[in-house]
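Student: 3D model of this:
(one chain, ligands or ions: 2)
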Amino acid sequence: MRILHTMLRVGDLDRSIEFYTNVLGMNLIRRSDNEQYKYTLAFVGYGNEKDGAVIELTYNWGVSDYEHGGAFGHIAIETDDIYATCDAIKAKGGTVTREPGPVKGGTTVIAFVKDPDGYSIELINKKDAGQGLG
Ligand SMILES: C[C@@H](O)C(=O)SC[C@H](NC(=O)CC[C@H](N)C(=O)O)C(=O)NCC(=O)O
Ligand code: NI
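Tutor: Ligands and ions are numbered 1, 2, ... in the order given. Got it, this is the predicted structure:
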């Protein structure tokens with residue numbers, strides 16, 4: 001077994017696709033409408049679904065926002081250079097909510113970015129990925 005995707009309900013699919021592709025550098029892998037149940041799916045990621053986990057953006061037609069509650073944490077993305085990546089995200093209008101630096105209580109360098117719906121995306125430097133707090 002393996003992790004295939006994480007599904008996020010979004011309020012504006014084109015806004016989210018723009019963010020995940022143009023700001024975070026992902027590819028739009030596939031998009032599909034479900035006319036009967038009135039929703040559209042868009043799969044985004046850095047490779048295809050056979051190579052690794054992706055994000056399934058789900059738009060329920062006519063639903064523009066959701067209660068996020070306090071339980072969801074984040075999706076983590078590995079990056080070769082977290083400082084340059086955060087600069088690039090800001091230059092493209094993205095919101096870095098936690099600047100790069102060692103995780104509290106550890107040495108792994110992390111940062112946080114908010115997506116257009118307010119979901120948190122964690123960035124982890126490649127050299128630290130898989131090291132936990134380091
Ligand atoms: C393609 C696969 O990865 C899916 O997740 S589609 C599953 C399907 N999704 C939806 O219905 C999304 C819209 C829904 N209103 C929502 O917000 O979750 C699903 O959950 N189907 C239910 C079923 O029993 O088939
Ligand atoms: Ni799914």
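Student: distance of the residue positioned nearest the centre of the chain relative to ligand 1?
Tutor: Centroid-nearest residue in the chain, with C-alpha atoms, centre = their mean: residue 121, separated by 5.0 Å. Counting by C-beta to the nearest ligand atom, to the nearest Å, the gap from residue 121 to ligand 1 is 20 Å. Quick note: C-beta positions are derived from backbone N, CA and C, even for glycine.
Student: cool, and residue 111?
Tutor: For residue 111 relative to ligand 1 (C-beta to the nearest ligand atom), the value is 29 Å.
Student: now do the SS call for that residue.
Tutor: strand (DSSP: H, G, I helix; E, B strand; the rest coil).
Student: from ligand 2, how far out is it?
Tutor: Counting by C-beta to the ion, to the nearest Å, the gap from residue 111 to ligand 2 is 27 Å.
Student: can you name the residues bridging to that residue?
Tutor: residue 123 (DSSP bridges).
Student: what pLDDT, on average, does the longest helix along the chain get?
Tutor: Longest helix of the chain, by residue count under DSSP state H: helix 82-91. For helix 82-91, mean pLDDT is 97.
Student: what does this structure put close to ligand 2?
Tutor: Selection of the chain residues close to ligand 2 by C-beta under 5 Å from the ion yields 7, 56.
Student: what residue of the chain is the furthest out?
Tutor: residue 36 (27.8 Å).
Student: which helix or strand contains residue 14?
Tutor: helix 13-18 (DSSP states H and E).
Student: now this structure, which segments are flagged as low pLDDT?
Tutor: Filtered on pLDDT under 70, the chain yields no residues whatsoever.
Student: what is the residue of it found nearest ligand 1 paired to in the beta sheet?
Tutor: As assessed by C-beta to the nearest ligand atom, ligand 1 sits closest to residue 39 within the chain, at 4.0 Å. Counting by DSSP bridges, residue 39 forms beta bridges with residue 34, residue 60.
Student: residues near residue 10, how many?
Tutor: As a burial measure, residue 10 scores 27 neighbours (other C-beta atoms under 10 Å).
Student: the closest residue to it other than its chain neighbours: what's it in contact with?
Tutor: Spatial nearest neighbour of residue 10, excluding adjacent residues (C-beta to C-beta, 6 or more residues apart in numbering): residue 16 at 4.3 Å. Residue 16 sits next to 8, 10, 42, 57, 59, 115, 116, 117 when contact means C-beta atoms under 8 Å, 6 or more residues apart in numbering.
Student: this completes my enquiry, with thanks.
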